[in-house]
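Enquirer: This is a predicted model, with the sequence first.
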Amino acid sequence: MGYYQKNLSDFATSAIEMQESKTLKAAALSNLSTNTIANLPASSSAIVYATGGTYPGAATLTTVTTPRGVSLGATFLVASDGAGAVASVTVVNQGPNVGASAQTVEFSIASLELAFGVTGVTGALTATLAGGDLERPSGIFTTKMPSLYVGGTGDVKLTLASDSQPIVIKSIAASTFLPISAKRIYNLTSDTETTATEIIALL
C-alpha cells in the first residue's frame, strides 16, 4: 500500500475530528475576561505558558524537574502596552483540536514573571474562548500521516503521502475506514469537493 509507516504501531493512537471547529486560530484571543495585570515591561512581548483554566490543549512548562521540559500544545504571545498592562494575548502554536466556547485559559503571575524576566507583576489574566477564536484544523500533516474514517457518505479530496497532486475519492459509503496515508485532507469549508461528513484522521 505504498507509504506505510511500518516503524509505527498498526493501531491508531490519536484522532482528529477534521470538520470540527475546535482549533485555536493563530490570532489574538477576543475576550480577556480578567485582565488586571500591572508592572510588566512596557511595550514588550513574550511567550507565556498557560497555568490553568478549563481549556485542555495548552502547552505547559515544567520548572521543578531537571531538565526543564515543555509539553506539546497551544502557546501564547502576551504583549504589553506602554504602561505595562496586557494589551493582547495571541495564539502562536495552535495546539490540538480540542477547544470549545466558554473554556478558559489562565496565566499565573509566576508564568508571566518567568517569561518576561521580571518580578513584581500584580493582578490576574484569564482569556475566555469564544466561537470566533476557533476554526477547523488545517488538514496538513508533516510527520505522521493519517488514515481516515469517514462517518457520513460522500467524497473526500486529499493528497496521499507520496503524491504532489490531490485526488478525490468518490462515493465513500458511511462508516468506512480508508487504509491510506494522507499528507493533506481538504477539510475546510472552502474545500467544496469534499462532501463527506464526520471525517476523522487516525494517527
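Expert: Alright, I've got the coordinates. Numbers count the residues shown, from 1 in each chain.

Enquirer: Could you use CA atoms for every contact and neighbour count after this?
Expert: Will do.

Enquirer: the residue most distant from the middle of this protein, which is it?
Expert: Gly120 (31.6 Å; C-alpha atoms, centre = their mean).

Enquirer: Please name the residues that touch it.
Expert: Applying C-alpha atoms under 8 Å, 6 or more residues apart in numbering to Gly120 gives the contacts 39, 113.

Enquirer: Please, which helix or strand holds it?
Expert: Using DSSP states H and E, Gly120 falls within no helix or strand.

Enquirer: gap between it and Ser43?
Expert: Counting by C-alpha to C-alpha, to the nearest Å, the separation of Gly120 from Ser43 is 17 Å.

Enquirer: for Ser171, same thing?
Expert: For Ser171, the distance to Ser43 - C-alpha to C-alpha - is 55 Å.

Enquirer: do Pro179 as well
Expert: Pro179 is 51 Å from Ser43, by C-alpha to C-alpha.

Enquirer: ranges for the helices of the chain?
Expert: Applying DSSP state H to the chain gives helices spanning 109-116.

Enquirer: and it, what are its domains?
Expert: What automatic domain parsing lists as the domains of the chain is 15-20+138-202, 23-135.

Enquirer: so who does the spatially most central residue of the chain touch?
Expert: Nearest to the geometric centre of the chain sits Gly95, at 2.4 Å (C-alpha atoms, centre = their mean). Going by C-alpha under 8 Å, 6+ apart, Gly95 touches 23-24, 57-59, 72-75.

Enquirer: one more time with 6 Å
Expert: 73-74 (C-alpha atoms under 6 Å, 6 or more residues apart in numbering).

Enquirer: Now do the phi/psi pair for it.
Expert: phi 70, psi -170 (degrees, to the nearest 10).

Enquirer: which residues touch the residue lying closest to Ala50 once chain neighbours are set aside?
Expert: With C-alpha to C-alpha, 6 or more residues apart in numbering as the criterion, Ala50 has its nearest non-adjacent residue at 4.9 Å, and that residue is Phe107. Listed by C-alpha under 6 Å, 6+ apart, the contact set of Phe107 reads 50-51, 125.

Enquirer: same deal with Pro179?
Expert: Ser147.

Enquirer: and it, how far is that from Ile200?
Expert: Counting by C-alpha to C-alpha, the gap from Pro179 to Ile200 is 12 Å.

Enquirer: isn't Val156 right next to Ser171, touching?
Expert: No. If you go by C-alpha atoms under 6 Å, Val156 and Ser171 don't touch, sitting 8.6 Å apart.

Enquirer: okay, the two: which has more neighbours?
Expert: Val156 (25 against 12; other C-alpha atoms under 10 Å).

Enquirer: how about the more buried one, what does it touch?
Expert: 168-169, 194.

Enquirer: rerun that using 7 Å as the cut-off
Expert: Contacts for Val156 were tallied using C-alpha atoms under 7 Å, 6 or more residues apart in numbering; they are 168-170, 193-196.
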